[in-house]
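# sequence isn't available, so here's the structure alone:
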């Protein structure tokens, strides 16, 4: 049982991180007109990963998504145009899903 605990914790962290990313991208779509297509692609990829999660991880991801979106923050950092564009930079958003 103790061996499973780190894996379970890691999976919850991943769910939180992916959910927060999805919420940040949702926020960015509404606040930055410049890269709407890239934001939507990144959000769709995050949605697919959340959809494939178990129900408990999915709940964690959705809670993190809503929190990031409502606060306009991604993992503690305030979202602005530059940060939004950094999130959809190829190396930034792909590192979450590969």
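Received it, and whenever you're ready, just let me know what you need. Just so it is clear, the structure is predicted and the values come from calculations on it, not from any experiment.
# so how far is residue 40 from the residue nearest the centre of the chain?
Nearest to the mean C-alpha position of the chain, by Cα atoms, centre = their mean, lies residue 21 at 1.7 Å. Noted for residue 21: a distance of 14 Å to residue 40, by Cβ to Cβ, to the nearest Å. The way it works is simple: take the backbone N, C-alpha and C, and place the C-beta from them, glycine included.
# also residue 81?
Taking Cβ to Cβ, one finds residue 81 at 17 Å from residue 40.
# for residue 88, same thing?
10 Å.
# again, but for residue 14
22 Å.
# kindly report the same for residue 70.
Taken as Cβ to Cβ, the span from residue 70 to residue 40 is 20 Å.
# residues near the closest residue to residue 88 other than its chain neighbours, how many?
Spatially, and ignoring its direct neighbours in sequence, residue 88 is nearest to residue 38 (4.4 Å; Cβ to Cβ, 6 or more residues apart in numbering). Counted with other Cβ atoms under 10 Å, the neighbours of residue 38 add up to 19.
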